[in-house]
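I'll drop the sequence and a predicted model, then ask my questions.
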Amino acid sequence: MLLWSDMSNMGGITDWRGAALELIRRMLPASGRVLLAGPHPQAVVDEVAAHAPSAAVLLRSYPDACALGERHPGLDVHCGRLEVFAADEPYDLVLALDGLRRTHSAEAPAAAWIESLDALAALVAPGGRLVLGVHNDLGVDRFLEARPADRDGGDDQWAPHGFDPSYPGGPGALDAGLESAGLMVQRCYAAYPGRQAPRALLAREALAFDLPDALTFPLSAGDGDRMLVADPLHLTRSVFRHRLGEELAPLWLAVATRPPLLTKTPNPAPTDEHADAATAHDQPTAAIPPHDEDADGVTPAAERVPGETTGAGADEPAEATCPANGGELPLGLIEEGPTVYELTRAGLKQLPDGAERPVPTGRVVEEILVEACAREDVKTVRDLLSDLAAWLEEGGDPTAATDGLVYDGERFTAVTPPAAATFTSPGPRIVLCRILWRFAVRLQAAGHHHPWPWPLEADQLTLTLCGMAGRPCDPGDLDLARKLDAELGRPAEPGEQAPTYRDLLGARDRLADQLTAALARIARLETKLTYRERELVRATAKLRRTQRKATAFRRTLGYRLSRRLVRPGKVARKVFRLLSG
């Protein structure tokens, strides 16, 4: 494509970051050829160009190919369609992390997904690996996003893959497609929280178990320019609770290998009685069948039950290895800011050489508080906040927040280990005020129900929560808490978490109920007002009749005579008062 550029529309390309880079580092062969098929983020290309012994890139965009060749002169850059690409030699590692949609051109009819996969698999050398990204049309992010699926890309969506019957609709179909292409699935990862910028890769062996809340709670997409239908935290937690993390993953990252060729061994000398039979069957096996175990005893993923192992033990997930091409594949990789953690059998290990620590158990504090507020369970809120205040006074993490703490009924534990303090703590009371202020902002911004009056602002609600915790604060303490939050680099703004469509619908229903009650009260008041107006009209008419009667009485002869007879007496009394002094 001479004028089109995929890199100018990076919004549609998956922005792989630390977790994917760590996985690529482990799979780069010490000596071999690497191919990048399709557009990839610049960080991925730089990593491959810097560490791969021999690297090549296949792009469909001519401007992108020219720009990439100028930035990395050592790369072997090819421009064209995947279907017509012919390599001199197969590659030991083929990376197609963005999938197969951008490997064909608009100048020719789009090939089916399975045809593109066959063409890509043909480039993998025996014993080599293919890393393929596949978007899930029924991912949890599709349930969260209100925009239509065909609006998340750009002009590159000439033929939506939803019309392709060969496109995989689930992990089983993906495994079957890879096996039909002559590859064996070593490990299939579920990428979270979204397809735009995944920051966690979890293998299906890990998703088969009940993962702790401290691990799954952060795996929800709540940032970016999104039109949310539901609460990302609640929906993602429900997915993991029902163990649908693989089926509803935003995208899958499959690592498959082509079985290595078996070396030809000489046959033993046949005996006389079996000489004819040996002569007839003196042909060596060319390759391992796709459904057999490879040289390392890795069972194909389609035949392996979740949690089954191949050699280490019946209750532990096996490590997928390929000594000829890279090292062990991790059970999971999770990115938290600039730090990447590896999911192991015992917990989380900070990379590159950090200590291994267990994943804390218990429920996330914010989730407990939101549910208690929805039930108007003030006692649970008061008890939990009191325990939180006591934990801070005993030396708890001053940088903690309700969405970064788990509570098992006895103790609080930070989801992420606290970093070295670079500030002076102003005291447990100010730290508690900061935590509760962040929670109040998030509670009101998300539109969750709570038992306090709705007109309360976040600051007023924070002071109420501090009083419930038994540590009353004043507006001066609240100012110090906001300064501390800004100093930590994570300021909470009232509009940082936009309400979802479901929250808006719930708020609309509540407002509709309030409006119905107000209209009923107005109707009652109007009835009373109508009755009072009728009474007022009757009273006014009666008053007017009385006034007319009084006027007519003043005009009678008797009234006028009586007034004249009474007048001399009044004059005499006035004269007498004057004379008597």
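Ah, there it is.

C-alpha only now, for contacts and for neighbours.
OK.

Put the alpha carbons of stretch 535-542 into CSV.
The C-alpha coordinates for stretch 535-542 follow below in CSV (Å, rounded to 0.1, in the frame of the first residue of the first chain):
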residue,chain,number,x,y,z
GLU,A,535,-63.5,29.0,50.5
LEU,A,536,-61.9,32.4,49.9
VAL,A,537,-64.4,33.1,47.1
ARG,A,538,-67.3,32.2,49.4
ALA,A,539,-65.9,34.4,52.2
THR,A,540,-65.4,37.3,49.8
ALA,A,541,-68.9,37.1,48.4
LYS,A,542,-70.3,36.9,52.0
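
With Ile435 as the reference, measure out to the spatially closest residue to Leu488 that is not a sequence neighbour.
The spatially closest residue to Leu488, leaving aside those adjacent along the chain, is Thr399, at 7.3 Å (CA to CA, 6 or more residues apart in numbering). Between Thr399 and Ile435 the distance, using CA to CA, to the nearest Å, works out to 9 Å.

Those two - which one has more neighbours?
With neighbours defined as other CA atoms under 10 Å, Thr399 and Ile435 compare such that Ile435 has more, 22 against 18.

Okay, now the unreliable bits of the stretch 201-350 of the chain?
Within the stretch 201-350 of the chain, the ranges that satisfy pLDDT under 70 run 221-230, 262-327.

just the chain next, same as before
9-12, 147-162, 221-230, 262-327, 417-423, 454-455, 490-503, 581.

for it, longest helix please?
With DSSP state H setting the assignment, residue counts place helix 501-554 as the longest helix in the chain.

Quick one: residues in contact with the following helix or strand past that helix.
On the C-terminal side of helix 501-554, the closest following helix or strand by DSSP states H and E is helix 557-579. By CA atoms under 8 Å, 6 or more residues apart in numbering, the residues outside helix 557-579 that reach it are 553-554.

the strands in the stretch 51-200 of the chain, which residues?
Counting by DSSP state E, counting those that start in this stretch, residue ranges of the strands within the stretch 51-200 of the chain are 54-59, 76-79, 91-96, 124-135, 184-192, 200-203.

how about CSV for the ones you listed, with distance to Lys379 added?
CSV is the format used below for those (distance: least, CA to CA, whole Å):
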stretch, distance to Lys379
strand 54-59, 61
strand 76-79, 65
strand 91-96, 53
strand 124-135, 45
strand 184-192, 35
strand 200-203, 37
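
who wins for proximity to Lys528 among those strands?
In terms of CA to CA, the element of those nearest to Lys528 is strand 184-192, at 60.6 Å.

Pull the distance from that closest one to the chain's centre.
How far strand 184-192 lies from its chain's middle: 19 Å, per CA atoms, centre = their mean, to the nearest Å.

Over to stretch 192-209?
Between the centre of stretch 192-209 and the centre of its host chain there is 11 Å, according to CA atoms, centre = their mean.

Likewise for stretch 181-197?
Distance, stretch centre to chain centre, for stretch 181-197: 18 Å (CA atoms, centre = their mean).

same question, stretch 105-116
A distance of 32 Å separates the centroid of the chain from that of stretch 105-116, by CA atoms, centre = their mean.

which residues sit against that stretch?
Contacts with stretch 105-116, where a contact means CA under 8 Å, 6+ apart, come from 1, 60, 80-83, 100, 104, 158-159, 161, 164, 166-167, 177.
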